[in-house]
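Peer 1: Give me the fold of what follows.
(one chain, ligands or ions: 1)
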Amino acid sequence: PMNLSGKSLLTLLDFSAEEIGYLLDLAASFKTMKYAGVPHRYLEGKNIVLLFEKTSTRTRCAFEVGAMDLGMGVTYLDPGSSQMGKKESIEDTARVLGRMYDGIEYRGFEQSVVEELAANAGVPVWNGLTAQFHPTQALADILTMREEFGQDLKGRKMAFFGQVGNTASSLLVICAKLGIDFVQVGPQSDAPGNRTYSPDLWRVCQQLAAESGATLSVTDSVDEGVRGVDAVYTDVWVGLGQSADLWKDRIALLEPYRVTESVMARANADAIFMHCLPSFHDTNTTIGADIAKQFGVREMEVEDAVFESKRSRVFQEAENRMHTIKAVMYATLR
Ligand code: CP
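Peer 2: Numbers count the residues shown, from 1 in each chain. Below is the predicted model:
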């Protein structure tokens with residue numbers, strides 16, 4: 001077995017394809033055990049802390065349930081309830097938490113914060129989402145694709161529609177590592193509000209793709225982007241913690257890239273729809289209703305009909321967050 005003991009999960013860039021494959025195999029085993037009711041309290045006596053500077057449903061619950069299933073104790077620090085960054089530096093916080101806990105999860109703003117925690121904690125640190133990356137999301141998504149298309153995903157193709165953000169960046173990384181073709185489908189302009197991949201990340205991923213055999217591309221043509229695609233993925237047009245002022249520009253830019261039934265009809269016959277969630281597929285939320293009222297748009301990045309369709313795997317992805325995060329904790333803390 002691989003030895004990932006003591007390793008942090010910050011971007012996935014420093015995990016090999018073999019190590020990622022091992023984490024996904026482990027997650028699948030944990031999922032089987034969970035379904036069969038087989039106890040797996042392999043990390044009894046250990047404790048972890050979850051440091052959240054932003055809200056969460058999936059990530060927090062995945063870490064908590066994963067830790068409890070492994071027999072660990074968990075402390076949750078919600079946005080605003082620790083001293084970090086206000087009364088105490090990140091470095092000092094890391095040194096304190098590292099003396100009490102066996103592992104630290106962090107969700108927040110800049111990638112530099114999670115990197116600084118990892119540099120000073122002396123225990124594994126797991127990135128539960130930063131502005132730049134969402135690596136545990138990408139692991140769950142690839143487990144979902146494996147469940148759909150089989151273990152070897154080389155030559156399969158994912159299209160990411162809409163706005164480039166942390167999830168899109170981590171999907172780019174994992175696809176490049178594993179030999180999965182990846183196409184970004186969205187505006188390729190420098191119009192206000194538009195965001196594309198950082199040139200540095202794109203360059204690094206192209207090098208990884210050259211080794212794995214993946215092809216990475218971008219297009220502003222929906223027709224071209226959806227051709228031969230096995231998975232159509234999208235994410236909200238304005239992310240958690242980003243300025244609400246972005247909505248107006250983003251809606252105008254991204255409406256042509258909404259995932260509609262017509263888009264899905266042009267993908268492969270067995271193509272699936274994916275989304276990291278939460279989603280604005282309807283307006284049954286306070287923020288969604290407010291935006292809908294302000295801009296006269298009901299469905300945002302995906303049509304309700306696609307979200308609710310038989311092709312949709314969004315809740316399977318959400319569940320897989322737990323199995324994959326459990327695998328990451330087990331592999332790095334064992
Ligand atoms: N996908 C995801 O990270 O969800 P939460 O924000 O609910 O954790």
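
Peer 1: Output the helix or strand bottoming out on mean pLDDT in the chain as PDB, nothing but the C-alphas.
Peer 2: Least confident helix or strand, the chain: helix 286-295 with a mean of 86, by mean pLDDT, DSSP states H and E. The C-alpha coordinates for helix 286-295 follow below in PDB (Å, rounded to 0.1, in the frame of the first residue of the first chain):
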ATOM      1  CA  THR A 286     -33.300  33.300  -0.100                       C
ATOM      2  CA  ILE A 287     -30.200  34.300  -2.200                       C
ATOM      3  CA  GLY A 288     -31.600  32.600  -5.300                       C
ATOM      4  CA  ALA A 289     -35.000  34.400  -5.000                       C
ATOM      5  CA  ASP A 290     -33.300  37.700  -4.500                       C
ATOM      6  CA  ILE A 291     -31.100  37.400  -7.600                       C
ATOM      7  CA  ALA A 292     -34.100  36.100  -9.600                       C
ATOM      8  CA  LYS A 293     -36.100  39.100  -8.600                       C
ATOM      9  CA  GLN A 294     -33.300  41.500  -9.300                       C
ATOM     10  CA  PHE A 295     -32.300  40.200 -12.700                       C
END
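
Peer 1: quick one: contacts for Gly66?
Peer 2: Residues near Gly66 by CB atoms under 8 Å, 6 or more residues apart in numbering: 322-323, 325-326, 329. Every C-beta, even on glycine, is put in place using the N, C-alpha and C of the backbone.

Peer 1: Now intersect the residues you listed with the helices, please.
Peer 2: 322-323, 325-326, 329 (DSSP state H).

Peer 1: Whatever residue of the stretch 151-300 of the chain ends up closest to the ligand: neighbour count?
Peer 2: Of all residues in the stretch 151-300 of the chain, Cys276 sits closest to the ligand, at 4.1 Å by CB to the nearest ligand atom. Cys276 has 27 neighbours, counted by other CB atoms under 10 Å.

Peer 1: residues contacting it?
Peer 2: Contacts were defined as CB under 8 Å, 6+ apart; by that measure Cys276 touches 134, 137, 141, 167, 235, 317.

Peer 1: what does the chain put close to the ligand?
Peer 2: Within the chain, the positions near the ligand by CB under 6 Å from any ligand atom are 56-59, 129, 137, 276-277.

Peer 1: filter these to the buried ones?
Peer 2: Burial by neighbour count, judged by 16 or more other CB atoms under 10 Å, picks out 56, 58-59, 129, 137, 276-277 from the residues of the chain next to the ligand.

Peer 1: Keep only those of those residues that are in strands.
Peer 2: Of these, none are assigned to strands by DSSP state E.

Peer 1: Just give the closest residue to Glu147, not the sequence neighbours.
Peer 2: Among residues not flanking Glu147 along the chain, Gln316 sits closest, at 7.1 Å (CB to CB, 6 or more residues apart in numbering).

Peer 1: and that neighbour, what helix or strand is that in?
Peer 2: Assessed by DSSP states H and E, Gln316 sits inside helix 314-333.

Peer 1: helices and strands around that helix, which ones?
Peer 2: Other helices and strands packing on helix 314-333, by 3 or more CB pairs under 8 Å, 6 or more residues apart in numbering; DSSP states H and E, are helix 17-36, helix 58-69, strand 103-107, strand 125-127, helix 135-149, strand 272-275.

Peer 1: Show residues contacting the fourth one.
Peer 2: Going back to what we said before, that points to strand 125-127. Applying CB under 8 Å, 6+ apart, the set of residues contacting strand 125-127 is 8-11, 63, 94, 103-107, 111, 114, 117-118, 133-136, 325, 328-329, 332.

Peer 1: repeat for the first one
Peer 2: Residues from elsewhere that reach helix 17-36, judged by CB under 8 Å, 6+ apart: 1-2, 4, 12, 15, 39-40, 69, 139, 142-143, 146, 174, 177-179, 212, 320, 323-324, 326-328, 330-331.

Peer 1: and if we set it to 6 Å?
Peer 2: Helix 17-36 is contacted by residues 2, 40, 143, 177-178, 323-324, 326-327 when judged by CB atoms under 6 Å, 6 or more residues apart in numbering.

Peer 1: residue contacts, the residue nearest to the spatial centre of the chain?
Peer 2: Centroid check for the chain by CA atoms, centre = their mean gives Gln137 as the closest residue, at 2.5 Å. In this structure, Gln137 makes contact with 167, 276, judged by CB under 6 Å, 6+ apart.

Peer 1: Val226 too?
Peer 2: 159, 263, 266-267.

Peer 1: Could you rerun that using 7 Å?
Peer 2: 159, 232, 263, 266-267 (CB atoms under 7 Å, 6 or more residues apart in numbering).
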